[in-house]
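Enquirer: model this:
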Amino acid sequence: MPPARHRRPRAVHSLLAGASAIALGLGGLALATGTGAHAADTDLITNGGFETGNLSGWTCTNGTVQSTTAHSGTYALQSTPGAGDTGECTQTIAVRPSSTYTLSSWVQGSYVYLGARGTGGTDPSTWTSSAGWSQLSTGFTTGASTTSVTVYLHGWYGQQPFLADDVS
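Expert: All right, here's what the predicted structure looks like:
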């Protein structure tokens with residue numbers, strides 16, 4: 001008689017896959033749907049809560065990490081637009097071709113923008129003019145050969161500093 005094989009029942013596989021997808025989906029910028037049979041990616045944004053206390057993973061014009069006001073945790077991004085710039089902070093992330101993603105961030109300040117460039121399709125952007133904390137969210141679908149996109153946050157020329165936190 002052949003040795004017994006240890007296999008998880010199909011229901012357990014489904015339960016584990018579903019729980020993993022929910023947990024990863026709550027984590028941040030994740031694969032929502034796509035042509036591949038993948039449940040979800042882990043959070044694709046590096047240092048989205050700025051809890052490293054620095055700008056690790058981000059490239060900023062006039063940006064810093066501050067601990068005076070944060071949406072959650074201890075730290076948040078603060079960037080100051082100038083007369084000739086928007087105080088932009090960017091991060092380039094790896095993505096899967098022909099896949100749909102959701103991008104989100106909490107922001108504070110007038111005229112704060114969140115978006116992505118280089119998606120291979122319609123590049124999304126959303127903004128708020130509210131001075132208090134607001135959650136911005138937008139989605140995009142990558143092109144058939146797109147393997148990276150640039151996520152950005154920025155204010156508007158000459159406006160007051162803005163804050164961003166919990167980017168995912």
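Enquirer: which residues of this structure score low on pLDDT?
Expert: For the chain, residues meeting the criterion pLDDT under 70 lie at 1-42.
Enquirer: Next secondary structure after the strand ranked longest in it?
Expert: In the chain, ranked by residue count with DSSP state E as the criterion, the top strand is strand 99-108. Reading on from strand 99-108 to the C-terminus, the next helix or strand found by DSSP states H and E is strand 112-117.
Enquirer: Parallel or antiparallel, which strands does the longest strand of the chain pair with?
Expert: Sheet partners assigned to strand 99-108 using DSSP bridges are listed as strand 31-34 (antiparallel), strand 134-141 (antiparallel), strand 162-165 (antiparallel).
Enquirer: Deepest in the core, which of those strands is it.
Expert: The highest mean neighbour count among the strands paired with strand 99-108 belongs to strand 162-165 (a mean of 24), with neighbours defined as mean count of other CB atoms under 10 Å. Placement of C-beta: from N, CA and C, glycine included.
Enquirer: hmm, who's touching it?
Expert: Judged by CB atoms under 8 Å, 6 or more residues apart in numbering, the contacts made with strand 162-165 from elsewhere in the structure are 49-50, 66, 69-73, 75-79, 81, 87, 89, 105-112, 114, 153, 155.
Enquirer: which of these are buried?
Expert: Among those, those classed as buried by 16 or more other CB atoms under 10 Å are 49-50, 66, 70-71, 75-79, 81, 87, 89, 105-109, 111-112, 114, 153, 155.
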